[in-house]
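1. Next input, structure requested:
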Amino acid sequence: MKKIIAISVLLSLLIVGTVYIKTHNTKEVNPQNKFIIVEESKITTNEIDQNEFELMQNEDLIDVLLLKKIGIFVDIDTKRNIVSISNDKTIVRSYVNDNKYRVNDNLVNDKIVYVYNNKYYIKESKLASKFRFSIDIGIKSKNIVLLNHSLPIYSGILKHKENMSNYDNLEEKLKIIKEEKLIIGNTTREGTLVLTEDKYIGYIDITSIDNVSKSYGEKVQEKINSKTINMTWEYVNKSNPNTNNIGQMVGLNVISPTWFSLKNSSGEINSKLSETYKKWARERKYEIWPLVSNQFNKEMTREFVNNAVARERFINNLLRIYKDNGFKGINIDFENMYKEDSYVFSVFINELTMKFKENGIKVSIDVTVPDGSDFWSKCYNREELGRVVDYMVVMTYDEHWASSPVSGSVASYGWVESNIEKLLEKVPPSKLILGIPFYTREWRETPSLTIPNKMDVKSVAITLKRIKAIIEEKKPNLIWDEYSKQYYYSYIENGKLIKVWIEDEKSISEKVSLVNKYKLIGIASWRRGYENIEIWDIINKELNKK
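-> You can find the predicted model right below:
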């Protein structure tokens, strides 16, 4: 069977993609036809480039970037000429210059990647079953569909024929009859894009579709986490804490010491692992999910994630450490990264997750709230990451950060709740862990000497333990703020206006209640040592409310 690769052409108002066609005879191919890619619930279209027909005919090849369009992770490391392809079960790495590739840890001495005109193509027949994708062509329409059977497919039944239209001057009319099953694509101002059983496409009013359902091509069941997580981070700076000084933490079941970090862009690892701490945690029956960070170094992280050899070295060496120590989970805390690296970061996380989960180690990742700067917020594709990992910890604190130009709460209830709702549009609640602060900030405002009607603002972090002592000492007038669900106080001292939105048992309890309200999997607190002892009982009772 002849197989042909198509070059992408940008169409107005549509997502750019690449097209791959199968046909028995090249005469059947009409370069003017529109061809379709289904990417989860989206449908995109492209035109065909005749030159590439002639170049690629009779070859069992597919443009590797096409797999990226349907949710399979693809990275091309052009410096080292390595093509990496991965999903939740398989990592294929092709060493193009050496004519060999590896499937997970198994080396295959064969050529799987070909380069033509600086574009990379793979042997489709050797990958389709491993990555659970298929390519199908309509008998009448000659339109094709590339489908990832690991991702959900949205479909429905046509109720009536009103508001149907041709799609972008498609020669054939939309072949829809009553009761025909439709695959549902994206909705635009023109209507909802749909795909018929014979691969015709067109727009329909969404109200014309009934019995909308979500299914999986291979009936892959979405994993549902059930154990409520009560986790805290153990911040390890230069040395590990004296465990004799750590009191009981009622209800805690996961602890994450900040032991590991990326040492350099080559993928080497810094370690602060403590055998004494590990023994203490196990005696208390805590699961240990050590944290690994990128030291918040965006330049080092950029070089690292774009280096296929470094990623593999880091993952293998880190996995060896976690297996040798019997750790039950890992917590990934990569922050301050380039937005442009968000996709290859997702590739890295998928590669790591696949290896760790294969060895029975749970994978959690920390992300900031969706809205924010390129480096601290837009650097994550939360939907991709949420599809990959076991748990996603949303760090719902630093609403007003240390250098904020205005005073405010570290984590007001309304702000926390609104960000939960945003995350739930992309991540299932069974994976979402709510991050809560064991600290607040004292804001000190003074009138600006250079800008009219402006206050200069500085802040200092205060732990839950310390804020209780301050209130007992200062005895300020406490005011309940309903939006933040926190007590607030202010006073003037030494010519400065002092403002504090208090974190205490009541405010923490209010935030933890959101776990039950939205059926989240649990909480993670930053950090152990900032709290007062009473807070653990409050959290435990709130998490266990029915």
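
2. Now do the phi/psi pair for residue 125.
-> Dihedral pair for residue 125: phi -70, psi -20, per degrees, to the nearest 10.

3. so what pLDDT did the nearest residue to it once chain neighbours are set aside get?
-> Using CB to CB, 6 or more residues apart in numbering and skipping the chain neighbours, the partner closest in space to residue 125 is residue 60 (5.2 Å). Heads up, the C-betas are built off the backbone N, CA and C, glycines and all. Residue 60 carries a pLDDT value of 76.

4. Residue 60 reaches residue 127, doesn't it?
-> No. Here residue 60 does not reach residue 127: they are 10.4 Å apart, not a contact under CB atoms under 8 Å.

5. close enough to count as contact, residue 419 and residue 394?
-> Yes. Under the criterion of CB under 8 Å, residue 419 makes contact with residue 394 at 6.6 Å.

6. shared neighbours of these two, anything?
-> Common neighbours of residue 419 and residue 394, counting by CB atoms under 8 Å, 6 or more residues apart in numbering, are residue 369.

7. higher neighbour count, the two?
-> Using other CB atoms under 10 Å as the criterion, residue 419 and residue 394 rank with residue 394 on top: 24 against 20.

8. what's near enough to touch that one?
-> Residues near residue 394 by CB under 8 Å, 6+ apart: 367, 368, 369, 419, 420, 423, 432, 433, 434, 435.

9. okay, these in TSV with distance to residue 250 and pLDDT next?
-> Below are the contacts of residue 394 laid out as TSV (distance: CB to CB, whole Å; pLDDT from 0 to 100):
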residue	distance to residue 250	pLDDT
367	28	98
368	29	98
369	28	97
419	27	98
420	25	98
423	28	97
432	23	98
433	19	98
434	18	98
435	20	98
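
10. Among the residues you listed, which one lies nearest to residue 388?
-> For these, the residue nearest residue 388 by CB to CB is residue 367; the value is 12.3 Å.

11. Which residue ranges make up the domains of this protein?
-> Each domain of the chain is listed here as a residue range: 1-221, 229-437+504-543, per automatic domain parsing.

12. what's around the nearest residue to residue 496 once chain neighbours are set aside, how many residues?
-> In this structure, residue 496 finds its nearest non-sequential neighbour in residue 444, 4.6 Å apart by CB to CB, 6+ apart. Applying other CB under 10 Å, we find 19 residues neighbouring residue 444.

13. Check residue 485 too.
-> Around residue 485 there are 21 other residues, counting by other CB under 10 Å.

14. Residue 60 and residue 127 - which one has more neighbours?
-> residue 127 (20 against 15).

15. Tell me the spacing between the more buried one and residue 308.
-> Distance of residue 127 to residue 308, given as CB to CB, to the nearest Å: 17 Å.

16. Next, the contact list for residue 391, please.
-> 225, 229, 362, 363, 364, 365, 431, 432, 433, 521.

17. Tell me what the fourth one is bridged to.
-> In this entry, residue 363 is beta-bridged to residue 330, by DSSP bridges.

18. thought it was touching residue 352?
-> Yes. With contact defined as CB under 8 Å, residue 363 reaches residue 352; the gap is 7.1 Å.

19. ok, now which ones touch the residue nearest the centre of the chain?
-> The residue lying closest to the centre of the chain (CA atoms, centre = their mean) is residue 385, at 2.1 Å. With contacts defined as CB under 8 Å, 6+ apart, the neighbours of residue 385 are 346, 349, 365, 367, 392.

20. Same check on residue 403?
-> By CB under 8 Å, 6+ apart, residue 403 lies in contact with residue 459.

21. Same check on the one 5 residues further on?
-> Taking CB under 8 Å, 6+ apart as the contact definition, residue 408 lies against 399, 400, 443, 501.
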